[in-house]
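J.: got a sequence here, can you model it:
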Amino acid sequence: MTEKADLQSVLDRAADGGRITPEEALDLYRSAPLHALGAAADAVRRRRYADTVDIATYIIERNINYTNVCVTACKFCAFYAAPKDTAKGWTRDLDDILRRCAETIELGGTQIMFQGGHHPDFGVEYYEEHFSAIKKAYPELVIHSLGASEIEHMARISGVSAEDAIRRIHAAGLDSFAGAGAELLPARPRKAIAPLKESGERWLEIMEIAHGLGVESTSTMLMGTGETNAERIEHLRMIRDVQDRTGGFRAFIPYTYQPENNHLKGRTQATLFEYLRMIAIARIFLDNVAHIQGSWLTTGKEVGQLSLHYGADDLGSIMLEENVVSSAGAKHRSNRLEIIDLIRKAGRVPAQRATTYEHLVVHDDPANDPVDERVVSHVSSTAFDGETAARSASGKGGGGRREGGTAHPELKLLASN
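T.: Numbering: from 1, shown residues only. So this is what the prediction gives:
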């Protein structure tokens, strides 16, 4: 282990803009005093964003889950249904998806994350049809969706290369990849939790192909499924190496494993301090990735707010709908005014951003804050039956809860094929 004085010298070098090695990153992650680590990460953020140092951003978006039918059966996932499980499996029709897009725009959303299972029948053609229909109806809506795992799957179903699959869905309307399916990139933890997915090296290879085709992405990490500290740093190292070659990762977003309703059954989880240390070390180590996002959805709003002092410059999304991590027990909810307030009380100026991080609205005067109470995060539309959803959407019943339903209670789920 590196001595305390040596740890501070590494922190000082990073704060001054120097690159640190994976070995130094592991020492810092394990042993650096928490506040010193956070202070160095915040110094890196301030150096990078000297012209907008007081601003922290958020986005309004919607996760649209097109199916829960999936062949990969990841052990941490509480959302999927096996292809033969006709009682649990479902697929949304295109009209339903388009109505959800319309509602997203109505509520000020700028982005959708098209997210679902690896359906055994859905090849490239399925995504071409849906992305082109969304773009035709709502050209202003950014499709920031999918990841390398979906590309690998759809290419195999359609019998084409990953490069061809990316070209085709990009031409149909995909704007950028959401970095889905990264989970943990090193081989041992990846095989332990997602044995049917492609390797971490293949995930990165597909992202590198996408970057070469002009399709940028974010990068993610799922913390707390039994990985070691060294494997967490190796995950960062693998991302940084690709980023050195492509520059295509816009942001890094770590989030924590949720323990309910899945095969891991909560046997191991990341602590909130581990999460904050990861935010900080990511900002220090990923010197070639522009943005670090705090994930209040899985860690809670207070920890999300704290992440803004540990190197994060973005607080993620007001997610008008989300079902995947909610199925595993993520219970944190918020709304636009609360997110603005969280950012402001962290000593930062809130700003709504675009997918590519341009500032759309800077909330520099509380007197001008938005007042639309419908912009609520988030609707878990698959967790309620139709009658409950209708009551929740209308505000009747359920003790006034706003977690369930949708402003379109007529939307129905289709039975799985």
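
J.: can you list the residue ranges for strands in the protein?
T.: Listed in chain order, the strands of the chain (DSSP state E) span 55-65, 90-91, 111-115, 142-145, 176-177, 217-223, 249-256, 291-292, 314-319, 334-335, 349-353, 359-362, 376-377, 414-415.

J.: tabulate those (CSV), appending mean neighbour count, distance to residue 241 and mean pLDDT.
T.: Every residue, glycine included, has its C-beta placed from N, CA and C. Listed next are those as CSV, based on neighbours: other CB atoms under 10 Å; distance: least, CB to CB, whole Å; pLDDT from 0 to 100:
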stretch, mean neighbour count, distance to residue 241, mean pLDDT
strand 55-65, 24, 27, 93
strand 90-91, 20, 38, 86
strand 111-115, 23, 26, 92
strand 142-145, 25, 24, 97
strand 176-177, 26, 18, 98
strand 217-223, 24, 12, 95
strand 249-256, 24, 11, 95
strand 291-292, 24, 18, 98
strand 314-319, 24, 23, 88
strand 334-335, 20, 35, 70
strand 349-353, 21, 27, 97
strand 359-362, 14, 31, 97
strand 376-377, 22, 34, 62
strand 414-415, 11, 42, 38
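
J.: closest one to residue 341 among those?
T.: Go through the strands of the chain one by one with CB to CB and the one that ends up closest to residue 341 is strand 349-353, at 8.3 Å.

J.: hmm, who's touching the closest one?
T.: By CB atoms under 8 Å, 6 or more residues apart in numbering, the list of residues contacting strand 349-353 from outside reads 54-60, 108, 314, 339-340, 343-344, 359-364.

J.: list the strands paired with that strand, with their directions.
T.: In its sheet, strand 349-353 lies beside strand 55-65 (parallel), strand 359-362 (antiparallel), with partners assigned from DSSP bridges.

J.: dump those into TSV; add distance to residue 235 as well.
T.: Rendered in TSV, the data for those read as follows (distance: least, CB to CB, whole Å):
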stretch	distance to residue 235
strand 55-65	23
strand 359-362	30
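
J.: any chance of the strands of the chain in a markdown table with distance to residue 238 as columns?
T.: Rendered in a markdown table, the data for the strands of the chain read as follows (distance: least, CB to CB, whole Å):
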| stretch | distance to residue 238 |
| --- | --- |
| strand 55-65 | 26 |
| strand 90-91 | 34 |
| strand 111-115 | 23 |
| strand 142-145 | 22 |
| strand 176-177 | 16 |
| strand 217-223 | 10 |
| strand 249-256 | 11 |
| strand 291-292 | 17 |
| strand 314-319 | 22 |
| strand 334-335 | 32 |
| strand 349-353 | 27 |
| strand 359-362 | 31 |
| strand 376-377 | 31 |
| strand 414-415 | 38 |
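
J.: so how far is residue 340 from residue 365?
T.: 11 Å (CB to CB, to the nearest Å).

J.: stretch 193-201: end-to-end distance?
T.: With CA to CA, to the nearest Å applied, stretch 193-201 spans 16 Å between its terminal residues.

J.: now stretch 115-122
T.: End-to-end distance of stretch 115-122 (CA to CA): 13 Å.

J.: of all the residues in it, which ones are buried?
T.: Buried residues in stretch 115-122, counted by 16 or more other CB atoms under 10 Å: 115-119, 122.

J.: between the residues you listed, which sits nearest residue 355?
T.: residue 115 (14.9 Å).

J.: hang on, the earlier thing: so which of the strands paired with strand 349-353 gets nearest residue 172?
T.: The closest of these to residue 172 is strand 55-65. By CB to CB, the value is 15.7 Å.

J.: so how far is that closest one off the chain centroid?
T.: When distances are taken as CA atoms, centre = their mean, to the nearest Å, strand 55-65 is centred 9 Å away from the chain's centroid.

J.: with stretch 169-181 instead?
T.: Computed by CA atoms, centre = their mean, the separation of stretch 169-181 from the middle of its chain amounts to 14 Å.

J.: any buried residues in it, and which?
T.: Counting neighbours by 16+ other CB under 10 Å, one finds that the buried residues in stretch 169-181 are 169-170, 172-181.

J.: just stretch 95-104 next, same as before
T.: The neighbour-count criterion (16+ other CB under 10 Å) identifies 96-101, 103-104 as the buried residues of stretch 95-104.

J.: helices - which of the residues you listed land there?
T.: With helices identified by DSSP state H, the entries of these that belong to them are 96-101, 103-104.

J.: now flag whichever of these is closest to residue 22.
T.: Closest to residue 22 out of these is residue 104 (39.7 Å), distances taken as CB to CB.

J.: now that closest one, nearest residue through space, not along the chain?
T.: The spatial neighbour of residue 104 that comes closest, neighbours along the chain excluded (CB to CB, 6 or more residues apart in numbering), is residue 62 at 4.4 Å.

J.: can you name the residues bridging to that neighbour?
T.: Taking DSSP bridges, one finds residue 112 as the beta-bridge partners of residue 62.

J.: wait, it touches residue 112, no?
T.: Yes. The criterion here is CB atoms under 8 Å, and residue 62 meets it with residue 112 at 5.3 Å.

J.: which residues do the two both contact?
T.: Common neighbours of residue 62 and residue 112 are listed as 100-101, 104 (criterion: CB under 8 Å, 6+ apart).

J.: what's the lowest-pLDDT member of the buried residues of stretch 115-122?
T.: Of all the buried residues of stretch 115-122, the model is least confident about residue 117, whose pLDDT is 82.

J.: and the residue lying closest to that one once chain neighbours are set aside, how many neighbours?
T.: In space, and not counting its chain neighbours, residue 117 is closest to residue 70: 2.9 Å by CB to CB, 6+ apart. By other CB atoms under 10 Å, 21 other residues sit near residue 70.

J.: picking up where we left off before, as a markdown table, the buried residues of stretch 95-104 with distance to residue 372 would be great.
T.: Formatted as a markdown table, these follow (distance: CB to CB, whole Å):
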| residue | distance to residue 372 |
| --- | --- |
| 96 | 23 |
| 97 | 23 |
| 98 | 22 |
| 99 | 19 |
| 100 | 18 |
| 101 | 18 |
| 103 | 13 |
| 104 | 13 |
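
J.: what's the straight distance from one end of stretch 176-183 to the other?
T.: Here the two ends of stretch 176-183 are set 18 Å apart, with distance taken as CA to CA.

J.: and what of stretch 294-308?
T.: Span of stretch 294-308 from end to end, CA to CA: 7 Å.

J.: could you measure from residue 353 over to residue 84?
T.: When CB to CB is the yardstick, residue 353 and residue 84 sit 42 Å from each other.
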